[in-house]
Every structure is written in C-alpha cells, then in structure tokens.
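Visitor: sequence? don't have it. structure:
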C-alpha cells in the first residue's frame, strides 16, 4: 500500500482545480479527481476527507506559521505594524509555494460552502494572531482588533496580488493596502 | 391552522436560548424547543427550517437595514466615518429590540457550526455595505476595505456593549472602538 506522498497531494489539487473549472464545483466527484490524478478513489481519502478539503491543502499550517512570526516580532511598540510585518513574511513565502491561486479563488467564489470554509480558515488565522499577541502582553480587546485588521489587510493584499496575476511582490501589495488603510482610517472623526 | 405570529417567533427564540443554555446546543431538539414554546414540532417549521436558524431570527434584515443607512449617508467626503455613522444608527435600534444577546453569544461560542453561521451573517453585512458604497461611487477596492473595517468595528462595539451587560449606549461603544482603531492604525509605519 502506497504511503502519503506530497507529489500526489499536489497532483490531486491540480486535478481538482482543473475539474472544478471545467464542470463546476458541485458537479465534480472525488472519483473523477482521483482518476485524473492517477490514483484510486480509496487512496484519495488518505489525502483528503472530501472534495472540499483538497482546496485547503496545507491551510492548517497557516495559523501556526503566522503565530510563530508574530511571536518572533517586537509587538510591544506598535502591534499592528509588527503583525503586518509578520504576515508579510509568511505571505511572501506562501506566494512562492502556491500555484493556481487565481483558479482557486474563482472556484471558491462560485460556492457558498467554499466561501464558508475560506472564512473559517481566516478566522483560525485571526485567532492565532490574537492569541500570539496576548502571549506577548497585548491586552485582549486590542489583540483582537489588531488581529482582525491585520487579516483584512492580508486578504486584500492577497487579492491584489492575484489581480496582478502574481507578478507583483507580495510585500508591495501589503504596503499598498496598509497605506489605503491608513488613509481610510485617518479621515475626519465620526460626526 | 395558526398563521405566522411574531409573538410565537419570540417565544421560540427565548425557549431555544434557555434550552441551549441548560443542555448545550448539540443536545437540544426542535421538538423540545417547540414544546417549551407551547407549539407543535410541525408548527415550529413554519418559523424556522432547523434548530440553528432560531438563533438568527430577523438577521436577514440586517444587511438591508445597513445598506439603506449607507445609501442615505454622505459617503463622498470620508466613506469610513459615514459608514460608521450608518452602522451606529442601525446598531442603536438593534440593541433596543433584542433580548438575551449575552446568552446568544455564549451559545454561538460553544459551537463551530454556529460560529460559521455567524460569520456568514457578517459577510452578508460586509457585502451589503460594499455594494451600497459602490452605488454611491466609491471605487471597488476602497469600498471593500471600508466595509470590512466597518464590520470589524461594529462586531467589537457590539461585544463591548454585551460585556457591559447592555447598560452602555451603543453609540459610545462604537466611538470607543473607532478611537482604538485610529490609535492602532496611526502608529509608526511598517518597517
């Protein structure tokens, strides 16, 4: 019996993205994905529990990586810039590793179920940042707000990176969104 | 056969919150909720499709109300303060109407499924604000960022209001979170 193999995981993700693009997420089965990747349906379940999770391969590592980066940063002076630095580093590594993100985004936008799963992923990142900030002594309400804002900036930066076809540097996308955020928030006070 | 009745809807929500608090969300059935509210299981389904949606009664009106408030606001000068004004008005009306929000929050925090549903609710509010801003001429990326930030502020203000046992004015909770946001974002630039 074959063992777990990262090459197979990648082939499954690629096959799933192709099939979802061709037939729509709802119309594709695990059997079809397995077949296109050249493995059996039974082997598929050694990699993913269902046809949804193939689109979230490795996403359980994201909160961990972000939390580590936040714990390594100096958050005492100004938590948000420190956290943005940290997510910028993780994001920069992420965009080097991933392929087919544009196709993935299109599939996710096509399905309510996948949008929910994507929000769950980012909620886990938010919680990880919040907890890491609290470990570093930031008080709870502030930690939560900084984590939420940082994740909003990260999401928008990632979308801008995708909009640019992955050609721009992730760090400059993050800087651009950070600048928009500052301009947005620095406006006149609430009347 | 009895018609739909807002008093019954309220009784169902109250009964559900009580039962979820007593036995845990996973251990309560629709039959139990219906019984406690003094109606049949069959009548329950005229009000809600399942035991989850009873906790989201009326939440489909939230995006509509927020969008209307944004469309009525002057967003051209500074979108974020205008949107915060708009969500402040809606939030102020909301906290007058609702009861048992503290109990509701505790139940939602106890269940992954309910947390997902709650995120979906706020995603709908975010989309409604974004679309209203675009209708008012704000460009798409800016509209999305403002909507996301406004919803984060709204959520945190609502939590602070709950933390205070519903005794504070919602507007002052919103002002407090807005001030934290400005302080958080106005820190030194990303290094």
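Guide: In hand now; what should we look at? Computed from a predicted model, the values in this text were never measured in an experiment. Numbers count the residues shown, from 1 in each chain, chains lettered A, B, ... in the order given.

Visitor: List the contacts of residue A:161.
Guide: Residue A:161 makes contact with A:95, A:168, A:170, A:173 under the criterion C-beta atoms under 8 Å, 6 or more residues apart in numbering or on different chains. Yep, even glycine has a C-beta here, placed from its N, CA and C like the rest.

Visitor: Out of those residues, who's the most crowded?
Guide: The most neighbours of any of the contacts of residue A:161, using other C-beta atoms under 10 Å in any protein chain shown, belong to residue A:173, which has 25 neighbours.

Visitor: name the element that one belongs to?
Guide: Taking DSSP states H and E as the criterion, residue A:173 maps to helix A:170-185.

Visitor: does that helix come close to chain B?
Guide: Yes - for helix A:170-185 and chain B, the contact criterion (C-beta under 8 Å from any C-beta of the partner chain) is met by A:174-175, A:177-178, A:180-182, A:184-185.

Visitor: Which of these are buried, as a ChimeraX select command?
Guide: This is the ChimeraX syntax for the buried subset of the residues of helix A:170-185 next to chain B, where burial follows 16 or more other C-beta atoms under 10 Å in any protein chain shown:
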select /A:174,175,177,178,180,181,184,185
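
Visitor: Nearest to chain B among the residues of helix A:170-185 next to chain B?
Guide: Among these, residue A:185 lies closest to chain B (C-beta to the nearest C-beta), at 4.3 Å.

Visitor: Not including adjacent chain positions, what is the nearest residue to the closest one?
Guide: Excluding its sequence neighbours, the residue lying closest to residue A:185 (C-beta to C-beta, 6 or more residues apart in numbering or on different chains) is residue B:185, at 4.3 Å.

Visitor: With residue A:146 instead?
Guide: Nearest residue to residue A:146, sequence neighbours excluded (C-beta to C-beta, 6+ apart): residue A:79, at 4.6 Å.

Visitor: That neighbour: neighbour count?
Guide: Residues lying near residue A:79 (other C-beta under 10 Å) number 26.

Visitor: these two touch, right, it and residue A:130?
Guide: No - using C-beta atoms under 8 Å, residue A:79 is not in contact with residue A:130, being 10.5 Å away.

Visitor: Report the set of residues contacting both of these two.
Guide: Common neighbours of residue A:79 and residue A:130, using C-beta under 8 Å, 6+ apart, are A:143, A:146.
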